[in-house]
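>>> Predicted model and sequence follow; I will ask about them next.
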Amino acid sequence: MRAAKSPLVVVGKGAAYARAEEKIRQLIDHTKMPFLPTPMGKGVLPDSHVSNAASARSAALRNADVVLVLGARLNWILHFGEQPKWNADAKFIQVDISAEEIGKNNGSSELGIVGDLNIVVSQLCTALQGWTYDHFASPHGQALSASKQKNEANAAKVVKINKTPMTYHRTFDVIKQTLHCLSPPEDGNVVYISEGANTMDISRSVFPVEEPRLRLDAGTNATMGVGLAYAIAAHSAYNLPNPEGLSRSPARKKIVCLEGDSAFGFSMPEVETMARYNMDILIFVINNGGVYHGDCDDADEWLKLQERSTNGSEGLRSTSLGYQVGYEKMAEMCGGKGYLVHTPEELEKATEEGFKANIPVVVNVIIESGAGNKLVSYICCSPGLCSRANNFVGVCMAEEYEKGQ
Ligand SMILES: Cc1ncc(C[n+]2csc(CCOP(=O)(O)OP(=O)(O)O)c2C)c(N)n1
Ligand SMILES: [Mg+2]
């Protein structure tokens with residue numbers, strides 16, 4: 001690590017499970033190495049930390065020569081540790097509690113360490129004592145900072161695109177701004193659950209997490225249908241009285257789900273469970289009318305496509321869902337509250353009321369269908385931040401991906 005020109009620390013969800021946040025914070029604060037959290041490793045170090053390279057993810061992966069992987073799998077989320085996303089000569093140091101993860105995929109592992117992160121990271125801190133990676137003086141560090149600045153400026157522009165139906169970015173920005181007024185991220189009192197394709201990928205970079213174990217997403221197996229069960233589990237873990245008398249987190253946490261409409265459909269009856277158990281979970285269904293995207297933004301046109309499909313000609317695709325399906329009724333039918341929203345103003349009001357409600361709430365947010373775009377599924381290096389981000393983001397991400405950028 002001392003010899004690395006461009007080191008990178010990857011913080012995985014294993015670090016959150018191990019409750020190794022204090023030790024990892026010490027390592028990063030002392031060495032000043034840049035770090036990248038995995039989707040559920042977010043919050044082990046605060047997203048606002050100066051060494052967080054998440055908004056320069058592509059550059060961080062491409063340039064790293066020594067990668068310290070702390071409790072993360074080298075799976076699809078980390079592009080299997082392979083080029084072209086990673087530098088072909090990058091050396092991986094894997095630390096994991098599970099021996100079978102060492103050397104998986106491209107983790108040919110210069111060094112594999114099987115152990116508890118609290119112990120191993122303490123040892124690393126001792127071994128690296130007195131050494132600091134001169135992030136701001138190194139060309140790699142400067143490239144990362146430049147990429148971060150550029151991407152953050154682009155992201156700030158993208159959220160301003162104000163049209164109806166809304167874009168993903170505008171939608172998430174309104175939800176984020178409203179939630180932050182009600183509960184600032186540094187208080188750590190909101191737990192985010194997300195599943196879907198675009199919904200999950202884009203929301204991951206939009207909502208900052210400042211503490212560990214506050215974000216769950218479809219994870220290693222990208223399994224749709226886990227979101228609402230995760231929400232029930234998170235609510236039970238954080239908010240219900242504990243029959244075994246173990247200590248609970250001091251403050252109640254609001255559980256907020258960001259669900260693609262397809263993902264929501266996989267387990268929507270769980271809203272009834274939430275209502276039956278009086279769980280005040282706030283669910284946003286990001287309704288683009290399909291898996292990855294819908295087929296059109298106009299009711300009459302949609303009916304024509306439907307008619308063509310029923311007559312056996314080319315019409316709606318198999319990945320289509322119904323036109324503006326009334327998902328909010330899922331809450332209304334079992335004692336929760338539902339909102340159907342089309343505009344930023346309606347969304348802001350529903351978010352505020354939903355946050356304060358003491359019953360489950362489903363906010364059905366109608367967004368642009370993204371009709372005509374390609375179907376893709378992957379994790380993007382810079383969601384919504386590429387130069388063509390003023391188009392529908394799914395296309396931007398797909399094109400960047402296909403070019404291997
Ligand atoms: C159990 C399971 N079935 C199918 C898939 C394939 N798949 C990946 S994402 C996704 C849904 C994406 O659509 P949506 O939730 O509406 O999110 P969007 O991209 O439209 O925002 C599906 C079905 C999966 N990952 N898991
Ligand atoms: Mg969808």
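Alright, I've got the coordinates. Ligands and ions are numbered 1, 2, ... in the order given.
>>> What residues does the stretch 151-300 of the chain have near ligand 2?
Residues of the stretch 151-300 of the chain lying close to ligand 2 by Cβ under 5 Å from the ion are Gly260, Asp261, Ser262, Asn288. C-beta coordinates here come from the backbone N, C-alpha and C atoms, glycine included.
>>> tell me, which of these make contact with ligand 1?
For ligand 1, the contacts drawn from those by Cβ under 6 Å from any ligand atom are Gly260, Asp261, Ser262, Asn288.
>>> In TSV, list the residues you listed along with secondary structure and distance to Ile97.
Below are those laid out as TSV (DSSP: H, G, I helix; E, B strand; the rest coil; distance: Cβ to Cβ, whole Å):
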residue	secondary structure	distance to Ile97
Gly260	strand	32
Asp261	helix	37
Ser262	helix	34
Asn288	coil	39
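>>> now, the most widely separated pair of those?
Ser262 and Asn288 (9.1 Å; Cβ to Cβ).
>>> neighbour count winner among these two?
More crowded of Ser262 and Asn288, by other Cβ atoms under 10 Å: Asn288, with 29 against 24.
>>> Got phi/psi on Val11?
Main-chain torsions, Val11, degrees, to the nearest 10: phi -110, psi 110.
>>> Not counting its neighbours along the chain, what's nearest it?
Of all residues not flanking Val11 in the chain, Gly41 sits nearest, at 4.3 Å (Cβ to Cβ, 6 or more residues apart in numbering).
>>> which residues touch the one you found?
Shown in contact with Gly41 (Cβ atoms under 8 Å, 6 or more residues apart in numbering): Val10, Val11, Gly12, Lys13, Gly14, Ala15, Ala16, Gly71, Ala72.
>>> cutoff 7 Å now
Neighbouring residues of Gly41 by Cβ atoms under 7 Å, 6 or more residues apart in numbering: Val11, Gly12, Lys13, Ala15, Ala16, Ala72.
>>> For this protein, what lies in contact range of ligand 1?
Contacts of the chain with ligand 1, taken as Cβ under 6 Å from any ligand atom, map to 196-199, 222-225, 260-263, 286, 288, 290-293, 377.
>>> So which of those are in strands?
Gly260, Ile286 (DSSP state E).
>>> Now do the residue nearest to Thr132 when sequence neighbours are not counted, the pLDDT please.
In space, and not counting its chain neighbours, Thr132 is closest to Lys32: 5.2 Å by Cβ to Cβ, 6+ apart. Here, the pLDDT recorded for Lys32 equals 94.
>>> Do I have it right that Lys5 meets His140?
Yes - Lys5 lies in contact with His140 (Cβ atoms under 7 Å); the separation is 6.3 Å.
>>> More neighbours: those two, which one.
A count of neighbours by other Cβ under 10 Å puts His140 above the other of Lys5 and His140, at 20 against 12.
>>> Any buried residues in the strand or helix carrying the more buried one, and which?
Using DSSP states H and E, His140 maps to helix 139-158. Using 16 or more other Cβ atoms under 10 Å as the burial criterion, the residues of helix 139-158 that qualify are His140, Gly141, Ala143, Leu144, Ser145, Ser147, Lys148, Lys150, Asn151, Asn154, Ala155, Val158.
>>> thinking again about what came up before, next step: the contacts of Gly41 restricted to helices.
Among these, the residues falling in helices (DSSP state H) are Lys13, Ala15, Ala16.
>>> Of those residues, just say which sits nearest to ligand 2.
Closest to ligand 2 out of the ones in helices among the contacts of Gly41 is Lys13 (24.8 Å), distances taken as Cβ to the ion.
>>> ok, the closest one to Lys253 distance?
Plainly put, Lys13 is 18 Å away from Lys253 if you go by Cβ to Cβ, to the nearest Å.
>>> does Lys148 really touch Ser55, like I thought?
Yes - Lys148 is in contact with Ser55 according to Cβ under 7 Å; the separation is 4.9 Å.
>>> tell me which element the residue most central in space within the chain is part of?
Closest residue to the average C-alpha location of the chain: Arg204 at 2.4 Å, with Cα atoms, centre = their mean. Using DSSP H and E, the secondary-structure element containing Arg204 is helix 198-206.
>>> Ok, Ile93 next?
Here Ile93, judged by DSSP H and E, is contained in strand 91-96.
>>> C-alpha coordinates for stretch 95-106, PDB please?
Output of stretch 95-106 as PDB, limited to C-alpha atoms (Å, rounded to 0.1, in the frame of the first residue of the first chain):
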ATOM      1  CA  VAL A  95     -10.000  -8.900   3.400                       C
ATOM      2  CA  ASP A  96     -13.100 -11.100   4.100                       C
ATOM      3  CA  ILE A  97     -14.500 -13.100   6.900                       C
ATOM      4  CA  SER A  98     -15.500 -15.800   4.400                       C
ATOM      5  CA  ALA A  99     -12.500 -17.700   2.900                       C
ATOM      6  CA  GLU A 100     -14.400 -18.700  -0.200                       C
ATOM      7  CA  GLU A 101     -14.600 -15.100  -1.300                       C
ATOM      8  CA  ILE A 102     -10.900 -14.800  -1.600                       C
ATOM      9  CA  GLY A 103      -9.700 -15.200  -5.200                       C
ATOM     10  CA  LYS A 104     -13.200 -15.200  -6.700                       C
ATOM     11  CA  ASN A 105     -13.600 -13.700 -10.100                       C
ATOM     12  CA  ASN A 106     -10.600 -11.400 -10.800                       C
END
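>>> Thank you, goodbye.
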